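Participant: Provided below are the primary sequence and the corresponding predicted coordinates.
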Amino acid sequence: MLELHRKHGDVVRTGPNSLSFATLQAYQDIHSHVTKGKKRFLKTELYDNGDPDRIVGVQNPVIHSQMRRVLSHGFSAKALRDQEDIVHKYLDDFLRQLGRLGEEGRKPIDMSEAYNWATFDIIGDLSFGESFDAVAQGRSHYWISLLVEGSFYSLLFSLKRRLPWIRLVLPFLLPKGMAEKSEKRRELSRHKSQRRIELSNSMSRDDFFAHMLAKGNMTEGELASQATTLIVAGSETTATFLTGVTWYPLKNPDCLSRLRAEVDSAFTSIDQITGDSVAHLEYLHGVIEEGLRIFPPVVFGLPRYSPGAVIDGHYIPAGVTVATENYCMAYDTRYWHNPESFRPERWIGEGLGDEKKASQPFSMGPRACLGINLAYLEMRLILAKIVFSYDLELVSREIEDWNQACQLWLLWKKPELLVKFHPRNRDHVATVESCT
Ligand code: HEM
C-alpha cells in the first residue's frame with residue numbers, strides 16, 4: 001500500500017468499489033465521532049467472521065454502543081487501578097522466567113513467542129478469572145496457538161465476500177485440520193466461560209467478566225464470545241508491539257542506553273515501578289510512541305462504508321468501501337522527518353517538528369481501541385521492568401529490517417527474535433535463582 005500510494009497519490013482505487021486514502025484528513029473524516037445530522041462510516045463485512053456477538057465485528061451502531069457501554073466499565077481508570085496487582089503478578093513471574101529459561105544470559109529466548117505468555121496470561125485472568133499458565137510453564141498454551149493461528153487465517157474467511165472465488169481454493173490455503181481446531185477453540189471458550197460463571201459466586205472482582213455478568217441478560221454464548229474477543233484483541237496486539245519495540249532499541253543501542261539511564265535514575269527497586277510512576281517517564285513514552293508508529297500492531301487500513309460523504313475534499317458516494325492506511329501516514333515524509341528511522345525524541349518536548357497525529361495505532365472515534373489504557377499500562381510496566389532487570393543482547397543479528405522480516409496477514413506474523421537477558425540488578429538475580 002505504501003508503494004501504491006507513493007506511486008499513484010493520496011487516493012488509490014483498490015477494487016471495483018473500494019478506495020484507499022493516505023492522508024490524516026481522510027483518517028479523521030472516516031474515523032472521528034460524527035457531528036449531529038451526519039451519518040457514521042460503518043464497518044464493512046470484512047469484519048464478519050460469522051459471530052454476531054463480537055464487539056470488534058458488530059456493524060449496527062446502536063448494538064455496538066450498548067456493547068461498548070457494558071464493556072467499558074471494566075476498562076475504566078478505577079477498574080484498571082484495582083486490577084494492577086494482577087498485571088504485576090504475571091510480569092514479575094515473566095521476568096523471573098526470562099532469567100531462569102535464559103539461564104541468566106547464557107541461552108537466548110524467542111521473544112516473538114515469549115511476550116505472548118505474559119499478555120495472554122494477563123488478559124486471560126482479567127477476562128476469565130484464570131490465566132493460561134503460559135508464564136508459569138514457559139510455553140504457549142494450546143489455546144493461545146489456536147487463537148493466534150485462527151486470527152491469521154480469519155483473514156482468508158473474511159475475504160470470501162470480497163473475492164468469492166477464494167471459496168474454491170480456501171481448502172488448499174488452510175492448514176490441515178483448521179475447521180476442527182476452530183471448533184476446539186469455541187469449545188474451550190465456552191468451557192472457560194462456564195467456569196468463570198461458576199467462579200463468580202466465590203470471587204469478587206471488578207474485571208471485564210464481572211461487568212458483563214452484572215448486566216444480567218447476556219447468554220452464555222455471548223459471554224464466551226465477548227471474553228474471547230477481548231483476549232484476542234488484547235494479547236497478540238500488545239505482544240506484537242513489544243516484539244517490535246524490543247528489536248528497534250536493540251538495533252539502536254543509544255536509544256536502549258538512554259532508556260536504561262532514565263529507568264535507573266527513576267527507580268532503586270523494582271517495587272517502585274508502578275502504573276503511576278512509569279507514566280511520568282518521558283523517554284519511555286517516546287520509545288513507546290515511536291514503536292507504535294514504526295511498527296503498528298494493527299496495520300491494515302480499517303475498512304468502512306462511505307455513508308455518502310466528503311473525504312479529504314472528495315465526495316465519495318454511499319456504499320463505497322473506504323480505508324485510510326495508518327501505515328502510509330506513519331511513513332509519510334510530509335508528516336515525519338526521516339520516517340524510516342527510529343527516533344523516540346520525536347515525542348519529547350518540542351520534538352522534531354513532526355505531525356504526530358499522523359500516527360494512529362489505536363484508531364480514533366467511536367470504534368477506537370477500548371483497551372488503550374490497559375495496553376499502555378502493560379507496555380510501560382513491562383519495558384521498564386525488563387530494562388531495569390536485564391541487559392539485553394540481540395542474538396538474531398541477521399534481521400536487518402524488522403518490518404520486512406515480518407509478514408502481514410490480518411496481524412503480523414513475526415520471525416523468531418532471539419534475545420539474551422543478562423541479569424543486572426543483584427536483588428533481582430536472587431529472585432531469579434530462587435525461582436523453580
Ligand atoms: C498495543 C496494543 C493495541 C493496539 C495497537 C490496539 C489497536 C486497536 C485498533 C486499531 C482498534 C480499532 C479496530 C478497528 O476499527 O477495526 C482496536 C479495537 C479494539 N481493541 Fe485494541 N489495541 C491494542 C490493545 C488492546 C487491549 C489490551 C485490549 C483489551 C482487551 C483491546 C481491546 C480492543 C477492543 C475491545 C476493540 C474494539 C472496540 C470497538 O469496536 O468499539 N485492545 N484496537
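Facilitator: Now that the structure is in, tell me what you want to look at.
Participant: In space, what's closest to Met364 - neighbours in sequence excluded?
Facilitator: His31 (4.9 Å; C-beta to C-beta, 6 or more residues apart in numbering). Backbone N, C-alpha and C define where each C-beta goes, glycine included.
Participant: what about that neighbour, distance to Phe21?
Facilitator: Going from His31 to Phe21 by C-beta to C-beta, to the nearest Å gives 11 Å.
Participant: Overlap in contacts, those two.
Facilitator: Thr324 (C-beta atoms under 8 Å, 6 or more residues apart in numbering).
Participant: Give me the more crowded residue out of these two.
Facilitator: Set side by side, His31 and Phe21 show more neighbours around Phe21, with 25 against 20, by other C-beta atoms under 10 Å.
Participant: near the ligand, which residues of the stretch 251-400 of the chain show up?
Facilitator: Pro297, Val298, Leu302, Pro361, Phe362, Ser363, Arg367, Cys369, Leu370, Gly371, Leu374, Ala375 (C-beta under 6 Å from any ligand atom).
Participant: contacting residues for Met364?
Facilitator: Counted by C-beta under 8 Å, 6+ apart, Met364 has contacts Tyr27, Gln28, His31, Ser32.
Participant: Wait, a strand at Val419?
Facilitator: Yes. Assessed with DSSP: H, G, I helix; E, B strand; the rest coil, Val419 lies in a strand.
Participant: now the helix or strand containing Gly124, how far from the centre of its chain.
Facilitator: Assessed by DSSP states H and E, Gly124 sits inside helix 111-128. Counting by C-alpha atoms, centre = their mean, to the nearest Å, helix 111-128 is centred 11 Å from the centre of its parent chain.
Participant: Just the CA atoms of that helix, as CSV, please.
Facilitator: Below are the C-alpha coordinates for helix 111-128, written out as CSV (Å, rounded to 0.1, in the frame of the first residue of the first chain):
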residue,chain,number,x,y,z
MET,A,111,10.6,-13.0,22.3
SER,A,112,8.2,-13.3,19.4
GLU,A,113,6.7,-16.2,21.3
ALA,A,114,7.6,-15.3,24.9
TYR,A,115,5.8,-11.9,25.1
ASN,A,116,2.6,-13.8,24.3
TRP,A,117,2.9,-15.8,27.5
ALA,A,118,2.6,-12.6,29.6
THR,A,119,0.0,-10.8,27.6
PHE,A,120,-2.3,-13.8,27.2
ASP,A,121,-2.0,-14.7,30.9
ILE,A,122,-2.9,-11.2,31.9
ILE,A,123,-5.9,-10.8,29.7
GLY,A,124,-6.9,-14.4,30.4
ASP,A,125,-7.0,-13.7,34.1
LEU,A,126,-8.8,-10.4,33.6
SER,A,127,-11.4,-12.0,31.2
PHE,A,128,-11.9,-15.5,32.6
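Participant: List the buried residues in the helix or strand following it.
Facilitator: Next in sequence after helix 111-128, counting helices and strands by DSSP H and E, comes helix 134-137. For helix 134-137, a neighbour-count test (16 or more other C-beta atoms under 10 Å) marks Ala134, Val135 as buried.
Participant: can you list contacts of helix 134-137?
Facilitator: Tyr90, Asp93, Phe94, Gln97, Asn116, Trp117, Ala118, Phe120, Asp121, Ser140, His141, Ile144.
Participant: So which of those residues wins on neighbours?
Facilitator: Result: Phe120 is most packed of the contacts of helix 134-137 (other C-beta under 10 Å), 29 neighbours.
Participant: now that one: how far from His33?
Facilitator: Taking C-beta to C-beta, one finds Phe120 at 32 Å from His33.
Participant: quick revisit: which strands and helices lie in contact with the helix holding Gly124?
Facilitator: helix 77-101, helix 134-137, helix 142-162, helix 178-199, helix 208-215, helix 220-251, helix 372-389 (3 or more C-beta pairs under 8 Å, 6 or more residues apart in numbering; DSSP states H and E).
Participant: Counting by contacts, list what the fourth one packs against.
Facilitator: For helix 178-199, the contact count by 3+ C-beta pairs under 8 Å, 6+ apart identifies helix 111-128, helix 142-162, helix 220-251 as packing neighbours.
Participant: same thing with the last one?
Facilitator: Helix 372-389 makes packing contacts with helix 77-101, helix 111-128, helix 220-251, helix 253-266, helix 275-278, helix 282-294, strand 418-423 when contacts are defined by 3+ C-beta pairs under 8 Å, 6+ apart.
Participant: who does the following helix or strand past it pair up with?
Facilitator: Toward the C-terminal end, the helix or strand that comes next after helix 372-389 (DSSP H and E) is strand 390-394. Using DSSP bridges, strand 390-394 pairs in its sheet with strand 418-423 (antiparallel).
Participant: Next, count neighbours for the closest residue to His314 other than its chain neighbours.
Facilitator: Nearest residue to His314, sequence neighbours excluded (C-beta to C-beta, 6+ apart): Val11, at 6.5 Å. For Val11, the number of neighbouring residues by other C-beta under 10 Å comes to 18.
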